[in-house]
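Asks: Let me see the structure of the following:
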Amino acid sequence: MKNILKLALLSMLVLIIHSCKDSSKNSYNTSNDIEEQELSEDTIADREEQPLAEKMVTCPGCNGKGVIELDPGSLMAPTVPCSACNGTGKVSESTANKIIQINQQFHQQSQQRVNPAELEYELEKAKTMLDQLIEERENCSSVTLLPSYDNLIMKQKERIYELENQLNAIAY
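Replies: Next up, the predicted model:
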């Protein structure tokens with residue numbers, strides 16, 4: 001699972017580097033005499049006629065959070081800024097489409113290489129984790145933490161369901 005996360009982060013980094021190369025083609029005025037330059041009416045009119053910036057959408061890399069949890073499901077999971085949106089949670093539509101395409105390719109490749117023994121091991125780990133979460137919730141006396149435990153238990157059940165479906169798909 002950590003290898004998958006590392007590969008996803010690496011692919012996002014490659015995408016960002018690629019998009020930075022495209023942006024380096026733009027020419028910028030680096031003159032220190034900007035204050036001395038006056039904009040003519042023609043220059044202002046030209047700027048108004050230029051197309052608006054591309055529409056910004058929610059970043060599919062971090063789902064608009066701006067950060068990526070390194071250990072999803074953990075209450076104290078360390079986070080890192082999303083490299084696709086630089087922590088803003090928003091990217092251009094074209095960047096979002098590239099990220100989605102890379103994620104789809106990654107998931108297709110990872111599903112092709114799934115080992116049934118690894119899936120069974122992951123499933124057993126997930127079930128053990130669910131049992132531990134349920135036990136910890138029953139022993140929890142904090143009213144504040146109970147909803148968090150409920151959310152984690154629900155997510156863990158979803159994870160178990162996904163793993164069982166993957167295992168069944170491989171078996172048939």
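
Asks: Quickly list what Ser92 is bridged to.
Replies: As for beta bridges, Ser92 partners with Met56 under DSSP bridges.

Asks: Can you report how many residues neighbour Leu163?
Replies: 19 (other C-beta atoms under 10 Å). Backbone N, C-alpha and C define where each C-beta goes, glycine included.

Asks: so the closest residue to Gly61 other than its chain neighbours, which of the three states?
Replies: Computed as C-beta to C-beta, 6 or more residues apart in numbering, the closest residue to Gly61 that is not its neighbour in sequence is Ala84, at 3.7 Å. Assigned by DSSP: H, G, I helix; E, B strand; the rest coil, the conformation of Ala84 is coil.

Asks: which residue ranges form the helices in this protein?
Replies: Remark: helices of the chain, listed N- to C-terminal, are 2-23, 41-49, 93-112, 116-139, 146-171; assignment by DSSP state H.

Asks: and these, which one's lowest on average pLDDT?
Replies: Averaged per stretch, pLDDT over those is lowest on helix 41-49, reaching a mean of 44.

Asks: Got the domain ranges for the chain?
Replies: For the chain, automatic domain parsing gives the domain ranges 2-22+52-111, 116-171.
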